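Here's my sequence, what's the structure:
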Amino acid sequence: MSRIRDFLNELDDYELAYFAKFKLLTYMKVTQSGIKEYLAERNLNESKIDKLISENPKSKLNDGKKRCERCYSEKIRSNKVEWTNTGGGIGIKDEIATWDAIGGRVTYKDEVICNVCGFWLEDPNQEKPLPTSKKILNGIWEFIIGILSR
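Reported below is the predicted structural model:
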């Protein structure tokens, strides 16, 4: 819990509000309890969290810095990942990556994720979790395509 507490100490109230709204439930129950205690220490309840999110002044910043599209934090991480989803792309980079893969070479791309709210800014392999509504629409679409292809 000390590493998480150290991370939480680095967040301003706006970032902490987004963290509480979008990332809290991704932790195990014991850790969630510790985070909730920390939120109480910082006087952040549910209504204050919603208020901070709605009035986030960082949303109006135009300073040219790379920020999260959801919470406007600069606390983002970039990981080099093996680009495995090269099929179906259009463009020379996609073609080269496909031929490289056939030849046993690996192409790497950046996967960029917000550390505060968990929003995926760049997802080269389309691995980010999908919302339930999108899963349902994808299922319906696959069903329709399956019927039409018979």
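
which stretches of this protein aren't confidently modelled?
Across the chain, the ranges flagged by pLDDT under 70 are 1, 82-104, 106, 124-135, 138, 150.

The same query, at a cut-off of 90, please.
Applying pLDDT under 90 to the chain flags residues 1-2, 4, 56-67, 69, 77-113, 119-150.

Do you have the helices of it handy? List them.
Remark: helices assigned in the chain by DSSP state H are 2-9, 13-22, 29-41, 46-54, 92-102, 132-148.

List the buried residues of the shortest one.
Buried residues in helix 2-9, defined by neighbour count with 16 or more other C-beta atoms under 10 Å: Leu8. For the C-beta atoms, the positions are set from N, CA and C on the backbone; glycine is no exception.

for the third one, same thing?
In terms of neighbour count (16+ other C-beta under 10 Å), helix 29-41 has its buried residues at Gly34, Ile35, Tyr38, Leu39.

Would you mind writing the CA trace of it as CSV?
Extracted C-alpha coordinates of helix 29-41, given in CSV (Å, rounded to 0.1, in the frame of the first residue of the first chain):
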residue,chain,number,x,y,z
LYS,A,29,-10.7,-5.0,-2.1
VAL,A,30,-8.0,-4.6,0.6
THR,A,31,-6.2,-2.0,-1.5
GLN,A,32,-9.5,-0.3,-2.4
SER,A,33,-10.2,0.1,1.4
GLY,A,34,-6.8,1.8,1.9
ILE,A,35,-7.5,4.1,-1.1
LYS,A,36,-10.9,5.0,0.3
GLU,A,37,-9.3,5.9,3.6
TYR,A,38,-6.8,8.1,1.8
LEU,A,39,-9.7,9.8,-0.1
ALA,A,40,-11.4,10.5,3.2
GLU,A,41,-8.2,12.0,4.6
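
residues in contact with the spatially most central residue of the chain?
Computing the C-alpha centroid of the chain and ranking residues by C-alpha atoms, centre = their mean puts Phe119 first, at 2.3 Å. By C-beta atoms under 8 Å, 6 or more residues apart in numbering, Phe119 lies in contact with Phe22, Cys68, Glu69, Arg70, Cys71, Ile113.

Among those residues, the buried ones, what's the ChimeraX command?
Remark: buried members of the contacts of Phe119, expressed as a ChimeraX selection using 16+ other C-beta under 10 Å:
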select :22,68,70,71,113
